[in-house]
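K.L.:
Just to be clear, the model below is a prediction. Sequence and coordinates:
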Amino acid sequence: MATRNNPSAFLATHPGEVLAAELEERGITQKAFAEEIGMRPSHLSELINGKRNVTMAIADKLQEALGIEAQSWMNLQVLFV
């Protein structure tokens, strides 16, 4: 049984956090990535900061640019909501 004090308890992570880590690992700036996927830099920043949700259209762009399945992004979003 998971409790608040159980370190193995699942904590939902906004997909923006995962995206930020992925971009950092690949050495891609947010501005460059926003341009690559045709998104306003301010919208990408909002996504990364958890103020904007991943939609299927965004998930498709992330899949095309990063090679991470769109459904994976959607699954993260569903877990966070």
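P.N.:
Received the coordinates, thanks. Numbering: from 1, shown residues only.
K.L.:
how many other residues sit next to residue 53?
P.N.:
Close neighbours of residue 53, defined as other C-beta atoms under 10 Å, add up to 16. C-beta: built from backbone N, CA, C; applies to glycine.
K.L.:
Please save the CA atoms from stretch 13-26 in CSV.
P.N.:
Coordinates of the C-alpha atoms in stretch 13-26 are reproduced here as CSV (Å, rounded to 0.1, in the frame of the first residue of the first chain):
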residue,chain,number,x,y,z
THR,A,13,5.2,14.3,-13.5
HIS,A,14,3.9,16.9,-15.9
PRO,A,15,5.1,16.1,-19.5
GLY,A,16,6.7,19.5,-19.6
GLU,A,17,9.2,18.4,-17.0
VAL,A,18,10.1,15.4,-19.1
LEU,A,19,10.4,17.6,-22.2
ALA,A,20,12.7,20.0,-20.4
ALA,A,21,15.0,17.2,-19.3
GLU,A,22,15.0,15.7,-22.8
LEU,A,23,15.9,19.0,-24.4
GLU,A,24,18.7,19.6,-21.8
GLU,A,25,20.1,16.1,-22.4
ARG,A,26,20.2,16.7,-26.1
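K.L.:
Now it: buried residues?
P.N.:
14, 15, 16, 18, 19, 20, 23 (16 or more other C-beta atoms under 10 Å).
K.L.:
Lowest-confidence entry in those residues?
P.N.:
Here the lowest pLDDT out of these sits on residue 14, with 93.
K.L.:
May I ask you to confirm that it is in contact with residue 52?
P.N.:
No. Counting by C-beta atoms under 8 Å, residue 14 stays clear of residue 52, with 9.7 Å between them.
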